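Chemist: everything below, folded, please.
(one chain, ligands or ions: 1)
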Amino acid sequence: MNIESRLAQIGSNCDPDTGAVSFPIYHATVFRHPRLGQSTGYDYSRTKNPTREVLERTAAELEGGDGGFACSSGMAALQTVFALFSQGDHLIVSLDLYGGTYRLLEQVMRRFGLTASYVDTGDLKALEGALRPETKALLIETPTNPLMMITDLAKVSAWAAERGLLTIVDNTLLTPYFQRPIELGADIVVHSATKYLGGHNDVLAGLIVSKGRELTERLAFLHNAIGAVLSPQDSWLLMRGMKTLALRMERHCENALRIARWLKGHPAVETVYHPGLPEHPGYEVQRRQATGNSGLFSFRVKDARMVEPVLRNIRLIAFAESMGGVESLMTFPAVQTHADIPEHVRRAIGVDDRLLRLSVGIEHVDDLIADLEQALDAAMRETGAA
Ligand SMILES: *Cc1c(COP(=O)(O)O)cnc(C)c1O
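Modeler: Modelled structure (predicted):
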């Protein structure tokens, strides 16, 4: 079945007893045993919960994996995946990665002896250079944000497999609707489902999908042992959001590309980073491995003094730091999402004091452009650039 149909029908055929089209929320944390040595399949909700299970099965199917695990946030999903590794192990991680992942690796996991090197994972030479005898896995974001760097997943996961490394992909930005890393060779996919999968800025959630029996069993053990699982209520809310994922992603993609093209022509804007623009260095790879682009991209204004008035003057677009919801948001990565990344690292990759990130929602594109136009024009007037 096509992915649009599978998404719309999430949970609708899973409750044969009542025929409920919207799968029920099982708040129960504990389940009776019919008799000694027997179980209904559910014992205690940290291990398995009927509502969460429908979401987890769906996630595994959508990503083409063998097991799905729903966690209390994207960070909880990453923490659970990092627990696969031991003291002394080393990871190679995408440069320009999500600030919270960097913080977890550097300020928490490092204390437990897990270290990471940050490179452009799209560059095989850089990967070779970072490889050590104790390297166990690659952690890739593609596109990264805010700079939208692209990694060729088929090429890089083949490189990793030849060296016995796991390939882990954070697929938050594109979702399985546009990109399925496991089909391209990845072993594990993680999501902050808080973003596009949930889609409405109202549920915090994370997902892990794994390929292969052994890895799936290890993750099932860790998911239960660590216990950072998603609640039944939030599992339901996430599934409800995912039913419209296909429609939302199409609109995010279309709106963002229109706005990116428009911004390129604005006198206040120096550079636009959007992988759907032919001049973007990752354009060809992105077209090959993904069927569309998210609503996220960034742009650099010509003068750092314009940033404050732009953020003050946007009205329809909210100045807020998340992404992936139906409402458009703008953020200033250097002081918000990427504040935990040291300044010299940020500057080296280009997350500087002129870079703004847009999460384009599903509003009418003309209204979004009108809002950006008045904010950019005001910023030019205030800084005397007009
Ligand atoms: C938001 C985000 C995370 C963290 O997810 P939470 O749900 O906020 O814990 C991880 N990776 C990426 C790419 C993200 O955007």
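Chemist: ok, the residue of the stretch 1-150 of the chain found nearest the ligand - how many residues close by?
Modeler: Using C-beta to the nearest ligand atom, G74 is the residue of the stretch 1-150 of the chain that sits closest to the ligand, at 2.2 Å. C-beta here means a position set from N, CA and C on the backbone, and glycine is covered the same way. Using other C-beta atoms under 10 Å, G74 has 24 other residues around it.
Chemist: equivalent analysis for Q289, please.
Modeler: Q289 has 22 neighbouring residues, counting by other C-beta under 10 Å.
Chemist: what's near enough to touch it?
Modeler: Shown in contact with Q289 (C-beta atoms under 8 Å, 6 or more residues apart in numbering): 152-154, 179, 184.
Chemist: now do L55
Modeler: Applying C-beta under 8 Å, 6+ apart to L55 gives the contacts 10-11, 68, 70, 207, 230, 235, 238-239.
Chemist: if we use 6 Å, what do you get?
Modeler: The contact partners of L55, taken as C-beta atoms under 6 Å, 6 or more residues apart in numbering, are 70, 235, 239.
Chemist: ok, now L95?
Modeler: 118-120, 349.
Chemist: kindly recompute the last result at 10 Å.
Modeler: Applying C-beta atoms under 10 Å, 6 or more residues apart in numbering, we find L95 in contact with 102, 117-123, 126, 141, 144, 147, 149, 341, 345, 348-349.
Chemist: for ChimeraX, write the select line for the buried members of those.
Modeler: Listed next is the ChimeraX selection for buried residues among these, using 16 or more other C-beta atoms under 10 Å:
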select :102,117,118,119,120,121,122,123,126,141,144,147,149,341,349
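Chemist: just the contacts of L95 that are near the ligand?
Modeler: E141 (C-beta under 6 Å from any ligand atom).
Chemist: ok, back up a step: now the residue of the stretch 1-150 of the chain closest to the ligand. Its backbone dihedrals?
Modeler: phi -60, psi -40 (degrees, to the nearest 10).
Chemist: just give the closest residue to it, not the sequence neighbours.
Modeler: Excluding the flanking residues, the one nearest G74 by C-beta to C-beta, 6 or more residues apart in numbering is S192, at 2.7 Å.
Chemist: cool, and G41?
Modeler: The shortest distance from G41 to any non-neighbouring residue, by C-beta to C-beta, 6+ apart, is to K48 (7.1 Å).
Chemist: ok, A70 next?
Modeler: The shortest distance from A70 to any non-neighbouring residue, by C-beta to C-beta, 6+ apart, is to L230 (3.9 Å).
Chemist: same thing with A137?
Modeler: Closest to A137 by C-beta to C-beta, 6+ apart is L166, at 4.0 Å.
Chemist: just to revisit the earlier point, and the residue nearest to G74, how many residues sit next to it?
Modeler: For S192, the neighbour count with other C-beta under 10 Å is 29.
Chemist: what bridges to it?
Modeler: When bridges are called by DSSP bridges, S192 pairs up with G206.
Chemist: quick one: mean pLDDT over stretch 54-66.
Modeler: The predicted model assigns stretch 54-66 a mean pLDDT of 98.
Chemist: what's the answer for stretch 233-243, then?
Modeler: 98.
Chemist: phi, psi for the closest residue to V307 other than its chain neighbours please.
Modeler: In this structure, V307 finds its nearest non-sequential neighbour in F332, 6.0 Å apart by C-beta to C-beta, 6+ apart. When quoted as degrees, to the nearest 10, the phi and psi of F332 stand at phi -110, psi 90.
Chemist: surely F332 is in contact with I314?
Modeler: No. F332 is beyond contact range of I314, at 11.5 Å (criterion: C-beta atoms under 10 Å).
Chemist: shared neighbours of the two, which are they?
Modeler: Counting by C-beta under 10 Å, 6+ apart, the common neighbours of F332 and I314 are L356.
Chemist: thought M149 was touching T142?
Modeler: Yes. Counting by C-beta under 10 Å, T142 is a contact partner of M149 at 7.4 Å.
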